[in-house]
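> Mind looking at a prediction? Sequence and model below.
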Amino acid sequence: MSGLSILVIQTAFVGDVVLSTPLFEAARTRLGTGRVGAVVRPETADLLRNNPHVDDIVIYDKQGGQKGPLELLRLAGKLRGASYDAAVIPHRSFRSALLGYLAGIPIRVGFDRSAGKLFLTERISYRSVHEVERNLALLASLGVDTDGIRPALYPDDADRQQADAVIRESGLTPADKICGVSPGSVWATKRWLPGRYADLIRLLAEAYGYRSVLFGSSGDRPLCTEIATESGVDPLNAAGQLTLLQSAALAARCSVFVSNDTGMGHVAAAMHVPVVAVFGPTVPTFGFVPYGEGHQVVETAMDCRPCSAHGGDRCPIGTHDCMRGIAVERVMEAVAVQLG
């Protein structure tokens, strides 16, 4: 099936797009695809900028200016005109599968657990493996060998220069040792306690001489400011100051990266940075741990875990013990392993 034009529809969150990047490389290098396109949300599109395996980035602002059925039909018409041969749809939403169908794409491959599976021509088993391996299995029906492909991001020189500028402006030098910290999450229960992050940042400075850099969106900046102030050691608060690829370039400067079960951990892992991931309401068996060897996961064994597929705004039993039970010392021990 070489020479196919393939469209990947992934309109979920940052981490989901990062973990979908192997699809583009596999389509380009293993299948010999004629053209590779992506449908993503506007807030994640920057992750695919400079990607040598992506020809077309199509924005679908499904929660904003393109919300509603009429805009979905307009986008489908645009995609129909692009004449894609196959749609690969890792996102399991009804709307994503419907978009491929309305666009008239002849081959539509997705998971058998998709809410829109009736719109798929190929339904692939949703197995209990890492999300990267699950996603790559979608290409198996097209005869693709996907061994050895991992997530990758491609910040350019301008991205790296902007990351360097943020470092210089904070008083850091190239000789300084840096630890990345990403304390936010769309889901409140996925967030380790702010005071614990503040203690971690202080201990990293006192025990290892590391200056921490706080990562996140503009919405995470107040949380990061709170943590920075409580730490008392003046970490660099980069939340909301950089694009995603600039953040990837800055993450690449870090010796280790501490994150909740959220997108920036996957960004750091894609940049080959060792990650310590703090898991609470979700569990590693869902398949969303940082991809690759050597990463560390810190969690508390509890009968109520997992409480949902994504976490939530509040703990269902009112304790949040899955996160409260993770002491700073445990995370520091994991960080120490990463630092050797």
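Perfect, I can see it now. From a predicted model like this one, the values you see are computed outputs, not experimental measurements.
> Count residues in the vicinity of residue 317, would you?
Neighbour count of residue 317, defined by other C-beta atoms under 10 Å: 11. Every C-beta, even on glycine, is put in place using the N, C-alpha and C of the backbone.
> distance of it from residue 303?
10 Å (C-beta to C-beta, to the nearest Å).
> How about residue 175?
48 Å.
> One more: residue 142?
For residue 142, the distance to residue 303 - C-beta to C-beta - is 42 Å.
> Neighbour count: those two, which is higher?
residue 142 (21 against 4).
> residues contacting that one?
1, 4, 31, 86, 107, 109 (C-beta atoms under 8 Å, 6 or more residues apart in numbering).
> of the residues you listed, buried ones?
Using 16 or more other C-beta atoms under 10 Å as the burial test, the contacts of residue 142 include 4, 31, 86, 107, 109 as buried.
> Any chance of a markdown table for those, columns pLDDT and distance to residue 148?
Formatted as a markdown table, the buried ones among the contacts of residue 142 follow (pLDDT from 0 to 100; distance: C-beta to C-beta, whole Å):
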| residue | pLDDT | distance to residue 148 |
| --- | --- | --- |
| 4 | 85 | 21 |
| 31 | 81 | 15 |
| 86 | 95 | 22 |
| 107 | 96 | 25 |
| 109 | 97 | 21 |
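> Tell me the one of these nearest residue 17?
residue 109 (17.8 Å; C-beta to C-beta).
> Can you classify that closest one by secondary structure?
strand (DSSP: H, G, I helix; E, B strand; the rest coil).
> what's the closest of the contacts of residue 142 to residue 150?
After measuring the contacts of residue 142 against residue 150 - C-beta to C-beta - the closest member comes out as residue 31, at 17.2 Å.
> what separates that closest one from residue 124, distance-wise?
16 Å.
> so where do the helices sit in this protein?
14-25, 69-82, 94-102, 131-137, 157-169, 194-203, 221-231, 244-251, 263-270, 321-324, 328-339 (DSSP state H).
> Please state the offset of the first one from the chain centre?
Relative to the chain's own centre, helix 14-25 is displaced by 8 Å; criterion: C-alpha atoms, centre = their mean, to the nearest Å.
> Taking helix 263-270 as reference, get the angle to it.
40 degrees (axes from the mean of the first three to the mean of the last three C-alpha atoms, to 10 degrees).
> who does helix 14-25 touch, helix- and strand-wise?
strand 5-9, strand 35-40, helix 131-137, helix 263-270 (3 or more C-beta pairs under 8 Å, 6 or more residues apart in numbering; DSSP states H and E).
> Would you mind writing the CA trace of the last one as PDB?
The reference is to helix 263-270. C-alpha atoms of helix 263-270 as PDB (Å, rounded to 0.1, in the frame of the first residue of the first chain):
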ATOM      1  CA  GLY A 263       1.700  16.400  28.700                       C
ATOM      2  CA  MET A 264       4.900  18.100  29.600                       C
ATOM      3  CA  GLY A 265       6.300  14.800  30.900                       C
ATOM      4  CA  HIS A 266       5.800  13.300  27.500                       C
ATOM      5  CA  VAL A 267       7.400  16.400  25.900                       C
ATOM      6  CA  ALA A 268      10.500  15.900  28.000                       C
ATOM      7  CA  ALA A 269      10.700  12.200  27.300                       C
ATOM      8  CA  ALA A 270      10.500  12.900  23.600                       C
END
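> Which of the residues in it are classified as buried?
For helix 263-270, by 16+ other C-beta under 10 Å, it's 263-270.
> ok, so of those, who is nearest residue 226?
residue 264 (17.6 Å).
> which ones are touching the residue nearest to the closest one when sequence neighbours are not counted?
Nearest non-adjacent residue to residue 264, counting by C-beta to C-beta, 6 or more residues apart in numbering: residue 182, 3.8 Å away. Going by C-beta under 8 Å, 6+ apart, residue 182 touches 214-216, 257-260, 262, 264-265, 268.
> can you pick the most crowded of the residues you listed?
Neighbour-wise, the contacts of residue 182 (other C-beta under 10 Å) top out at residue 215, 33 neighbours.
> Can you list the low-confidence ranges for the stretch 1-150 of the chain?
1-2, 33 (pLDDT under 70).
> Which of the contacts of residue 142 sits closest to residue 101?
Nearest to residue 101 among those, with distances taken as C-beta to C-beta, is residue 107, at 11.4 Å.
> Surely the closest one and residue 121 touch.
Yes. Counting by C-beta atoms under 8 Å, residue 121 is a contact partner of residue 107 at 5.6 Å.
> Identify the residue spatially nearest to residue 145, adjacent ones excluded.
Residue 145 sits nearest to residue 30 (C-beta to C-beta, 6+ apart), 5.3 Å away.
> What is the burial count for the one you found?
19.
> which residues touch it?
139, 144-146, 149.
> who's in contact with stretch 297-314?
Under C-beta under 8 Å, 6+ apart, the answer for stretch 297-314 is 185-190, 261, 276-284, 286, 289, 315-317, 321-323, 325-326, 330-331, 334.
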